[in-house]
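Q: No sequence on hand, only this structure:
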């Protein structure tokens, strides 16, 4: 593995395949992206190819059966159906460092000429339906997801997902945001809804029933991380427009 250091972000990884799809899940409302992508890489047996760290990351590490996980992990799988790299994070990214982190990630990704970048986050509503809302960086890009999501008509997106999508737009990379309808608690059911969209986009054939069956266990195990995300959200100034993230 090689170590690269754009700005204050250190990335240790094997080289990525060219022209692949990049999927990212950072903790936000409902931990939708983190749960969805970790389930995907586990079930489809992606290879962990690297990790990233930064002096700005919060001092938080998740563990499984006594083993510490890298706080941000990179996974990859190249099959006949799809060529996907997944970035899965267990740590929330504070608003003041979102630009540095997103810019560093896109600087590192650009030489691999990603076909598209997709972020998964949560949107808090008062509805129980678990719908998936979608945004894209251009009209052309939007056509790829508009049949499988509910396109958001107006509003703003907060957090690291917004910074990543902005970087994609500036660099001319097709970027997508999937926002799973959720509550401010670990929400495997919302994650399952976003996986259903990924199944259609990438022909994953991923069964989400085991994820739904594990809902209570996941909700309990990720409760501490959800508290960290909620505390950070409470410290972030609110805006007049609807905000998702």
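A: Here it is on my side, so go on. The shown structure was predicted, so the numbers you read here are calculated from the model rather than taken from an experiment.
Q: Same question for the longest helix anywhere in the chain: list its buried residues.
A: Ordering each helix of the chain by length in residues (DSSP state H) puts helix 188-202 first. Neighbour counts over helix 188-202 (16 or more other Cβ atoms under 10 Å) mark 188-199, 201-202 as buried. Heads up, the C-betas are built off the backbone N, CA and C, glycines and all.
Q: For residue 17, state which of the residues you listed is nearest.
A: residue 202 (14.1 Å; Cβ to Cβ).
Q: so that closest one sits right up against residue 82, yeah?
A: Yes: the pair residue 202 / residue 82 is scored as a contact, 4.6 Å apart, by Cβ atoms under 8 Å.
Q: overlap in contacts of those two?
A: Counting by Cβ atoms under 8 Å, 6 or more residues apart in numbering, the common neighbours of residue 202 and residue 82 are residue 21.
Q: Can you show me the strands along this protein?
A: 2-4, 9-13, 21-25, 47-54, 63-64, 67-68, 72-78, 83-89, 116-124, 132-136, 150-151, 156-157, 174-182, 243-244 (DSSP state E).
Q: ok, back up a step: quick check: angle from the longest helix of the chain to strand 83-89?
A: Orientation note: helix 188-202 sits at an angle of 160 degrees relative to strand 83-89 (axes from the mean of the first three to the mean of the last three Cα atoms, to 10 degrees).
Q: So what's the gap between helix 188-202 and the chain middle?
A: Relative to the chain's own centre, helix 188-202 is displaced by 12 Å; criterion: Cα atoms, centre = their mean, to the nearest Å.
Q: can you pull the contacts of the nearest residue to residue 104 once chain neighbours are set aside?
A: If the residues on either side of it in the chain are set aside, residue 104 comes closest to residue 9, at 3.4 Å by Cβ to Cβ, 6 or more residues apart in numbering. Residue 9 makes contact with 52, 53, 54, 100, 101, 104, 105, 108, according to Cβ under 8 Å, 6+ apart.
Q: how far away is the third one from residue 93?
A: Same thing as residue 54. From residue 54 across to residue 93, the span is 9 Å (Cβ to Cβ, to the nearest Å).
Q: hey, what's in contact with both of these two?
A: Both residue 54 and residue 93 are in contact with residue 101, where contact means Cβ under 8 Å, 6+ apart.
Q: neighbour count winner among the two?
A: residue 93 (26 against 19; other Cβ atoms under 10 Å).
Q: where in this protein is pLDDT low?
A: 1-7, 219-245 (pLDDT under 70).
Q: Excluding chain neighbours, what is closest to the residue nearest to the spatial centre of it?
A: Computing the C-alpha centroid of the chain and ranking residues by Cα atoms, centre = their mean puts residue 25 first, at 1.6 Å. Spatial nearest neighbour of residue 25, excluding adjacent residues (Cβ to Cβ, 6+ apart): residue 33 at 2.9 Å.
Q: try residue 47
A: residue 76 (5.8 Å).
Q: how near is that neighbour to residue 141?
A: From residue 76 to residue 141 the distance is 23 Å (Cβ to Cβ).
Q: Kindly report the same for residue 80.
A: Separation of residue 80 from residue 141 (Cβ to Cβ): 25 Å.
Q: more crowded one of the two?
A: Neighbour totals were compared for residue 80 and residue 141, and residue 141 leads with 18 against 6 (other Cβ under 10 Å).
Q: Tell me if I'm right that that one and residue 172 touch.
A: No: with contact defined as Cβ under 8 Å, residue 141 does not reach residue 172; the gap is 10.6 Å.
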